[in-house]
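Novice: just coords:
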């Protein structure tokens, strides 16, 4: 069964450094998402992406964040200058359509620790 | 803004016991409702979802959930759990009028003792 994959599984970085989290969505999917879960808190939506554009973003997704589909298979989340509070598990998801409530398939997550 | 509440943070039960996990949402309009499960070391996967029609929804692995509109609830049930149901369970909502972003509850960790 096709799966969403994410790399790396864990990343440790210093405050102020840039990080890029990578995701390979399911191959025929067209809609891509990033969510995050700070330890002990709820999973929160960050951004959705379709047709090479951001379709929706949350208030968390400020100018420090960006997303890109650099080629036909990868979907990346970049944090330009990491802060301590960016430490979280970051989940990528994809869906094959954008219809209301289309099932989103999640990757295993990247655990980011900012020191 | 909509929110989702899961009342139990942790549930411990024995095999063959029945399971019911509560989920309530706050949103005045119509919603799509989901239950996701995360088994240890694995990724979030969909258990079941409700869009419309029969409010009793059956999902994978013997799970079902009932949408009660008047109570803004979507509780998850399984009549007889197995050790392999040990996992964290997340309720989530997408309001029909609001794009395709999932709003999650806080999750319930379920431990099934053999």
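Specialist: Perfect, I can see it now. Predicted, not measured: the structure shown is a model, and the values here were computed from it.

Novice: get me the contact residues on chain B for chain A.
Specialist: B:4, B:32, B:34, B:36, B:42-46, B:49, B:51, B:90, B:92, B:94, B:96, B:99-107 (Cβ under 8 Å from any Cβ of the partner chain). All C-beta spots, glycine's among them, are computed from the backbone N, C-alpha and C.

Novice: give me the buried subset of those residues.
Specialist: Neighbour-count burial (16 or more other Cβ atoms under 10 Å in any protein chain shown) applied to those gives B:4, B:32, B:34, B:36, B:43-44, B:46, B:49, B:51, B:90, B:92, B:94, B:100-107.

Novice: OK, contacts around residue B:37?
Specialist: B:44-45, B:47, B:87-90 (Cβ atoms under 8 Å, 6 or more residues apart in numbering or on different chains).

Novice: actually residue A:75, not the one I typed
Specialist: Residue A:75 neighbours (Cβ under 8 Å, 6+ apart): A:22-25, A:32, A:49, A:67-69, A:92, A:94.

Novice: let's see that with 6 Å instead.
Specialist: A:23, A:25, A:32, A:69 (Cβ atoms under 6 Å, 6 or more residues apart in numbering or on different chains).

Novice: out of those, which sit inside strands?
Specialist: A:23, A:32 (DSSP state E).

Novice: filter the contacts of residue A:75 to keep only those in contact with chain B.
Specialist: Subset of the contacts of residue A:75 in contact with chain B: empty, counting by Cβ under 6 Å from any Cβ of the partner chain.

Novice: most neighbours among the contacts of residue A:75, please name it.
Specialist: Counting neighbours by other Cβ atoms under 10 Å in any protein chain shown, residue A:25 leads the contacts of residue A:75 with 27 neighbours.

Novice: tell me the bridge partners for the closest residue to that one other than its chain neighbours.
Specialist: Spatial nearest neighbour of residue A:25, chain neighbours left out: residue A:94 (3.4 Å); criterion: Cβ to Cβ, 6 or more residues apart in numbering or on different chains. Per DSSP bridges, the residues bridged to residue A:94 are residue A:32, residue A:105.

Novice: and residue A:50, by the same measure?
Specialist: So, taking DSSP bridges as the rule, residue A:50 has residue A:31, residue A:53 as bridge partners.

Novice: please apply the same query to residue B:36.
Specialist: residue B:46, residue B:90.

Novice: leaving out sequence neighbours, find the closest residue to the residue nearest in space to the middle of chain A.
Specialist: Centroid check for chain A by Cα atoms, centre = their mean gives residue A:34 as the closest residue, at 3.1 Å. Leaving out its chain neighbours, the residue that sits closest to residue A:34 by Cβ to Cβ, 6+ apart is residue A:46, at 4.3 Å.

Novice: can you tell me the element the one you found falls in?
Specialist: strand A:43-50 (DSSP states H and E).

Novice: gap between that strand and the chain center?
Specialist: 7 Å (Cα atoms, centre = their mean, to the nearest Å).

Novice: avg pLDDT for that strand?
Specialist: Mean pLDDT, computed over strand A:43-50, is 95.

Novice: can you list the residues that contact that strand?
Specialist: Contacts of strand A:43-50 (Cβ under 6 Å, 6+ apart): A:31-37, A:54-58, A:60-61, A:67, B:101, B:104.
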